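S.K.: how would this look folded up:
(chains A, B and C)
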Amino acid sequence: MPKRKRRLVTRRLSEILREAQQKRNAAEDESTVSADEAVNETYHYDQLDQMPLSASLAQNIAVLKRVFVDSPGFNVREFLIAGKIPAAAAFVEGMVDTLLVSANILRPLMHYTRDEPVPQGKGLLEIVQFAGITTAAVRTRDTIGEIVRDVLEGGVVLLLDQESRALSTEVAGFQTRSIEEPVSESVVRGPREGFTESLADGLSLVQRRLKSPNLAVENHFLGRETHTQVSVLYIKGLVNPEHLAELNRRLKRISNNIDGVLESSYLEEMIADQPLSPFPQALNTERPDRVAAALLEGRIAILLENTPFALVVPFEFQALMHASEDYYQNYWFATAIRILRYVSLIIALIGPAVYVAITTFHQEMLPEALLFQVVAARQGVPFPAVIEMLLIDYAFELLREAGIRLPRPVGQAVSIIGALVIGQAAIQAGLTSPLAVIIVAITGIASFVVPAFSMAFTLRLIRFPLTILGGILGLYGVIAGVLAIVIHMAGLRTLGLPYFGGFAPQHVSDLKDSIVRFPWWAMRGRPHELSKRNQQRQTPDLKPRPEGGR
Amino acid sequence: MAGNRIARFCLFIIALLVIGGSMGGCWDKREAEDMGYVRATALNSAPSGKVLLLAQVPNPATFAGGGMAAITPGASQDAKAYRNFEAEGSTVFEAIRQLAIQAPRRLFWAQNTLIIFSEGLARQGIEGHLDFFERSVEIRRRLNHVLVTPNDPRVLLDVPAPHETVPGGRIERIIMQEQQTSRFAVVSLSAFLRMLATEGQDAYCGVVRAQKNPARPALVQQVNAPEPALTIEMSGAAAFRGTRFAGYLTERETQGLLWARNEIRGGPVTVPSPSGTGRVTLDILRGKGRIIPAIQDGRLLATVEITDVVAELVQSEAPLDLTRSEVLRTLEHALAREIEREVIAAANKSQALGADVLGVGAAFHRKLPREWREIKENWPEIFPTVEITASAEATIRRMGFTLKGITIKD
Amino acid sequence: MNYAISIVLATAILFVPSITAEHARQDAWLSLPLASAFGALVTYIAVRLALRFPGETVVQYTPRVLGPVIGKLVGFIYVYYYLFVAYFVQREFSELMNAAYLERTPMIVIIIVLTALAVYLLYQGLEVLCRVNTVVLWSMIGAIFLIVMFGIKEVRLEEFLPVLDNGPGPVILGAVAPGSWFGETTVILMLMPFILATDQPRMVKFNLLAVLILFLVLQMIVVAAVGQFGAEQAATKLFPTLALARHVDIPELPIFSRQDAVFMVFWVAGMLFKLTTFFYAGTLALAQWLNLKDYRPLILPLAVVITALSFHAWIDIAELKSFSGEVFPFAISFVQFFLTGLILAVAVFRGIRPQPGKGGGT
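M.R.: Okay, here's the model as predicted:
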């Protein structure tokens, strides 16, 4: 009897297909928009979110096709569930893993066999969802907006006839970078994993380190056209709810009011407390261990997709001078290195300015031998010390920028050797003095010592006005400039937390992790200004000591 | 918020000032290479009551280190290492301004380390000249030393030398060696001023001379690098009565003075050997001095007490057996006596000169203030009548590497 | 608490040693404890008065205590007092700069730069002021400590003998000026409302502690100055502390010998701080006196006013110096001690208490 059955099935199938085709044509004729006009239509989620799915499969497909008329890779795969019931799967080819789609969605549904007949309409969705597709996560959707989002996120949307809900599932299969050591923050000792452009990978990296049910995430989707997924991470019970509320408020303010959020720096600029300040107001890092440590202190982390740089807020100034390696090395060493960093910070900031101020206004400060070296060096240089320093500094910055833009092997060579050669040539041409070149070189190196790259930019920027001030009013000018900066920094806040939170008001216990680093068994409390509750990190008695014995 | 706007406005003002300042010329700007750094200053008397000022300015180009000398354009290898500028003026400051006529660079005194007065000028009284130095913003009080010279400063500051290219520098270095000898006084400007201001204390300062160079052979054979004719020496001290030069102290007297003033830093003392023949030389490591005043039967007494003297035996002409403790004791006694003699010599000289450089009066002021108040008016006359005695104690703690010295077979 | 220290410290440092030495000569070190005792008394009175009306400033409650007319008058005296100290500081600072470091630069430029910084700081608010102060203050004390330590070799104890050569009179005379410096802690009268309610009861302790620290620091300076220069010289120098800084000489490390400009950093910071504090107090006082809602609009005009005043009030530094030794101490003691004590006494006597709803800090 098989022959007869097959013919029965085929006939039924072709009938079904013919019916479906008719319906579709009808639906297309119904649509009032011509092909040309469809090209110029733009869609916004506010509007799409308002459109509910219709119960008609054809209708839904037509709408989707209109929305995605020019979108690359969009595909609607129509098929029959169990060979009888029309359905469609919508996805973007470049975004999904097509193997998964065929294996976990299409095959189980198309080859669905069960004893009971598959109902059409009511009950169909449930069967598909619970007994049909075999992917890990499934959700039901009601509006066009939601399914458009899902499709663009790399998911597959299942549309059923006579059903005004759709099923959406994740089968993202686009290429992402594998996890590598972060380029901007490398360590000698410590984990070498860095965030990648994949948010899912990033979240998992953090979760691997904080295996606590208290780790919480809140997702935002920012940007009208980019719809970037932004995950806000924090640890319940540790985070200060005020900070969290404030951050959420600011994120909501951005949400769809901006075209796109492509990188975490966009966020950084838009949630800043003091938007005009040149100082960084969010910590950025590529390292999940740093994020985890921050979360443990009660801070909030923001992870974005499509960028490996995560943000941490709020933070105090001293965090800009910390590197994660400080915590992985011996604490004496870490303390010494931190002091070195602070000294470098000062050098990088006021090095040229002080040189100019002293050689121009305060020659009495130099001991004779040094003074004569300066004078001898400056013989024949046509510019006053200020101009000379500004020129050399600027030349150095030029070289640095050029070095970054060139392809990597060439770039390194240009920066270093270029600086040396050009410096030497400039000295021989009588344009500058060797001392100035050395000062600029040391300043440059000192600015690299600062771990936070964004801070380094600030330093480079501020250095120039300070040098000018030094040339005008001598040391007094430099001091006034530095004071102005300090005043500015004292007034900065990140998410409401003062920049100088560690230094003033003075909580001695906070200082254990500022310029110095106390050993872990001594760091009992969390930073004070951060969370007013839950101060204790660990029990007081963890200092290692020999077991008490007789 | 309005506040912020105004705050920014303030910064704007600062910015304006900055720009305006740099355009209008910054007032105090001095380019380092446009200045001449005076190393040593000497003052001499000039006809018609004027003062002659000598400023020694080293030439920085000759000090350029490393490869800079080859690179710096315009530096000539044969350039003289320094220049002495001279000018006359009715006061020190006028003389300085006179220098502006000759000196191509603006002269700057912050690096100055020596203030030298000629003996002639010092006899006239240096109060006015000192005032300039006291008031000056550029002069550093603790780093400048006051000296008197019997020579013409022109000659003194022009004595060539192979090592130290600048005579001023050479003097300075000799001063820094004071630990090796106590034969000359080292007095900084601040110390000098303080002594002037102290009741019952007369000031003194070091003395520098240009002497004939004993190392110069009679016949000059080598033309390339002949020994210079003169050499510079620091020896003794110059005592002042008030602000006038009173007289010189010999090297021995100076040593006694330094003992009394608690300024001894080292130096050799030679005593007769306890074995009877020959002498023993000891090197002083440290010592403390105090003056103890007393009044007995209407007479003023002052005892200079020298204590905590530690010395090292460095040379003995005759063999000494130090294993016997009485030898050591004898030596120590001899040393103490010699110290006392030096102190008495200083005291006698100071009384002869009428310059209380030991500070006997000050001792009275400190310990017996009431009595001092009565006598201080007439102190210049009373001072020579004070009976000054000395009492010293010494220990010889070290003797090098051997107890007995060279052994010579009989 | 950190406040109280910085305020007095900045100005006192520059002048005090010589003023005191002028009178008491080598016994200057004895004058100081006397002065700080007086200062402690003044401070105590001021703090008690301030604590009595914790939510208000002196300008606000004085009319209630002394009656509307007299109260307003006294209030205005306070306003002037604060601004007065402010422009005194301006002048003092720029005289020092002019004399020692920037000889040709017109004084007005120096003052304007400092004032602009102060205005900027003021706009940020009191809290920022406190933070900056905390960062700066201890480094300043550290710097002073270093200056004193490096000079300790030159301190000759015999300079302090004989003790009480001229009797106790000069000692007391020498204590007058510093005593008034100590009394500048009365700026607390304006600041009390801004101190956290939780901290307020401890203010007495804090302020007295500040006086103690002040005393120690000033004592160090006086001892160092007299010990190194001798009493006579210490008295005649215009800027003894600067002289101390220049006197630092470590033969082994010649690089440190001339670094007095480094200490300039801390002076500028300290002066800025004092200027800002008193300027703030004065501006706030004036705003309240005029019953204005916010003090901010007054900042800029007042800045201009006090700058002009600082320029013209004294002809030259000699006048400034004698003023600070002879007139200034009495003038400010009048306000600090007499007026404050008067207000307290009357308030206690008349039983005037703070209005309900105004207690506690913001």
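S.K.: List the contacts of stretch A:379-395.
M.R.: A:352, A:355-356, A:359-360, A:378, A:422-423, A:426, A:430-433, A:436-437, A:439-440, A:443, A:463-464, A:467-468, A:470-471, B:22, B:29, B:31-33, B:60-61, B:72-75 (CB atoms under 8 Å, 6 or more residues apart in numbering or on different chains). Where C-beta positions appear, they are placed from N, C-alpha and C, glycine not excepted.
S.K.: Restricting to these, which residues neighbour chain C?
M.R.: Among the contacts of stretch A:379-395, proximity to chain C is found for none (CB under 8 Å from any CB of the partner chain).
S.K.: Could I have the buried ones of these as ChimeraX selection syntax?
M.R.: Only the buried entries of the contacts of stretch A:379-395 go into this ChimeraX selection, using 16 or more other CB atoms under 10 Å in any protein chain shown:
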select /A:352,355,356,359,360,378,422,423,426,431,432,433,436,437,439,440,443,463,464,467,468,470,471 /B:22,29,31,32,33,60,61,72,75
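S.K.: right, and A:T432 touches A:I422 too?
M.R.: No. Contact criterion CB atoms under 8 Å: A:T432 and A:I422 do not qualify, at 10.1 Å.
S.K.: Tell me, how many residues neighbour C:M107?
M.R.: By other CB atoms under 10 Å in any protein chain shown, 17 other residues sit near C:M107.
S.K.: Now do the contacts for B:A363.
M.R.: Contacts of B:A363 (CB under 8 Å, 6+ apart): B:200, B:290-293, B:302.
S.K.: restrict those to those near chain A?
M.R.: Okay, of the contacts of B:A363, nothing touches chain A (CB under 8 Å from any CB).
S.K.: now, which of the residues you listed sits nearest A:R224?
M.R.: B:R290 (90.3 Å; CB to CB).
S.K.: For the closest one, name its beta-bridge partners.
M.R.: Per DSSP bridges, the residues bridged to B:R290 are B:E305.
S.K.: Could you point out the helix or strand that follows the helix or strand hosting B:E134?
M.R.: Counting by DSSP states H and E, the element that carries B:E134 is helix B:127-135. Using DSSP H and E, the helix or strand that follows helix B:127-135 towards the C-terminus is strand B:145-149.
S.K.: Pull the residues that contact that following strand.
M.R.: Residues outside strand B:145-149 that contact it (CB under 8 Å, 6+ apart) are B:42, B:113-119, B:122, B:156, B:171-172, B:175, B:186-189, B:192, B:205-210, B:234, B:238, B:245.
S.K.: which of the contacts of B:A363 are buried?
M.R.: In those, burial by neighbour count holds for B:200, B:291, B:293, B:302, counting by 16+ other CB under 10 Å.
S.K.: so what's the third one up against?
M.R.: So that's B:P293. Going by CB under 8 Å, 6+ apart, B:P293 touches B:300-302, B:360, B:363-364, B:367-368.
S.K.: Am I right that it falls within a strand?
M.R.: Yes. Under DSSP: H, G, I helix; E, B strand; the rest coil, B:P293 sits within a strand.
S.K.: could you measure it against B:E381, distance?
M.R.: B:P293 sits 17 Å away from B:E381, taking CB to CB, to the nearest Å as the criterion.
S.K.: What of the last one?
M.R.: Distance check for B:A302 against B:E381: by CB to CB, it reads 16 Å.
S.K.: Let me know the secondary structure of the closest residue to B:E387 other than its chain neighbours.
M.R.: Computed as CB to CB, 6 or more residues apart in numbering or on different chains, the closest residue to B:E387 that is not its neighbour in sequence is B:L301, at 5.1 Å. What three-state DSSP gives for B:L301 is strand.
S.K.: do the same with A:E181
M.R.: Three-state call for A:E181 (three-state DSSP): coil.
S.K.: tell me the contacts of the nearest residue to it once chain neighbours are set aside?
M.R.: Excluding the flanking residues, the one nearest A:E181 by CB to CB, 6+ apart is A:R192, at 4.2 Å. Taking CB under 8 Å, 6+ apart, we find A:R192 in contact with A:180-182, A:186.
S.K.: Please report phi then psi for B:F117.
M.R.: phi -110, psi 140 (degrees, to the nearest 10).
S.K.: Name the residue of the stretch 51-200 of chain B that lies nearest to chain A.
M.R.: Closest to chain A within the stretch 51-200 of chain B is B:A110: 3.2 Å, counting by CB to the nearest CB.
S.K.: hang on, that residue packs against B:I139?
M.R.: Yes. The pair B:A110 / B:I139 is scored as a contact, 7.5 Å apart, by CB under 8 Å.
S.K.: picking up where we left off before, between the contacts of B:P293, which is closest to C:S94?
M.R.: Nearest to C:S94 out of the contacts of B:P293 is B:A363 (CB to CB; 44.1 Å).
S.K.: Check the burial of B:F364 by counting its neighbours.
M.R.: Neighbour count for B:F364, taken as other CB under 10 Å: 27.
S.K.: Any regions of chain B where pLDDT drops low?
M.R.: B:1-28, B:49, B:60-80, B:160-165, B:178-180, B:215-228, B:405, B:410 (pLDDT under 70).
S.K.: Domain map for chain B?
M.R.: With domains defined by automatic domain parsing, chain B comprises B:32-64+B:73-249, B:251-410.
S.K.: got a markdown table for the ones you listed, with distance to A:L390 too?
M.R.: A markdown table is the format used below for the domains of chain B (distance: least, CB to CB, whole Å):
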| stretch | distance to A:L390 |
| --- | --- |
| domain B:32-64+B:73-249 | 17 |
| domain B:251-410 | 49 |
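S.K.: which secondary element of chain A has the worst mean pLDDT?
M.R.: When each helix and strand of chain A is scored by mean pLDDT, DSSP states H and E, helix A:35-40 comes last, with a mean of 54.
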